[in-house]
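Peer 1: pasted the sequence and its predicted model underneath.
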Amino acid sequence: MDIIQYILFSTLMSILLTVPGVLIDIWLCKIGVIRGSKKAIIIGTFLLVFIKPLMFEDISWWVYGTILLLGMSLSVHRIDLRETIKHGKWWWKPKDKK
């Protein structure tokens with residue numbers, strides 16, 4: 001019974017944390033800071049949520065969820081964010097040839 005509860009709870013928490021993570025990804029992509037990588041956000045969130053009860057059981061879900069939301073967005077897009085700081089928004093799009 002415990003394994004079913006673990007799987008069900010982890011799946012529900014994954015869905016709950018994936019939605020804001022994808023929304024943050026869409027927003028950052030919309031303002032031109034990153035290129036977007038929704039698959040990496042979804043897969044990473046699911047993996048880290050299933051790992052939490054096994055490795056970090058002393059940390060509350062509020063703290064872990066906040067760290068996960070901010071950490072996934074920043075870690076998945078760290079290269080894009082670095083390039084945006086160097087070159088500005090929309091750096092990956094070709095410049096108009098005038």
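Peer 2: The structure has been received and is ready for your questions. Numbering: from 1, shown residues only.
Peer 1: give me the below-cutoff pLDDT ranges for the protein.
Peer 2: Within the chain, the ranges that satisfy pLDDT under 70 run 1, 97-98.
Peer 1: mind redoing it with 80?
Peer 2: 1, 73, 95-98 (pLDDT under 80).
Peer 1: helix, strand or coil for P53?
Peer 2: Assigned by DSSP: H, G, I helix; E, B strand; the rest coil, the conformation of P53 is helix.
Peer 1: P94 too?
Peer 2: Once three-state DSSP is applied, P94 turns out coil.
Peer 1: list phi and psi for it.
Peer 2: phi -70, psi 150 (degrees, to the nearest 10).
Peer 1: can you count the residues close to it?
Peer 2: By other Cβ atoms under 10 Å, 6 other residues sit near P94. Using the backbone N, CA and C atoms, a C-beta is placed for each residue, glycine as well.
Peer 1: measure P53 to H87 for me?
Peer 2: Taking Cβ to Cβ, to the nearest Å as the measure, P53 falls 41 Å from H87.
Peer 1: of the two, who's got more company?
Peer 2: Using other Cβ under 10 Å, the more surrounded residue of P53 and H87 is P53, with 14 against 10.
Peer 1: I figured the more buried one hits S10, correct?
Peer 2: Yes: with contact defined as Cβ atoms under 8 Å, P53 and S10 form a contacting pair (6.9 Å).
Peer 1: which positions within the longest helix seen in the chain qualify as buried?
Peer 2: Ranked by residue count, the top helix of the chain under DSSP state H comes out as helix 2-30. The neighbour-count check on helix 2-30 (16 or more other Cβ atoms under 10 Å) flags S10, M13, S14, L17, T18, P20, G21, V22, I24, D25, L28, C29 as buried.
Peer 1: same deal with stretch 59-69?
Peer 2: Of the residues in stretch 59-69, those buried by neighbour count under the rule 16+ other Cβ under 10 Å are Y64, G65, L68, L69.
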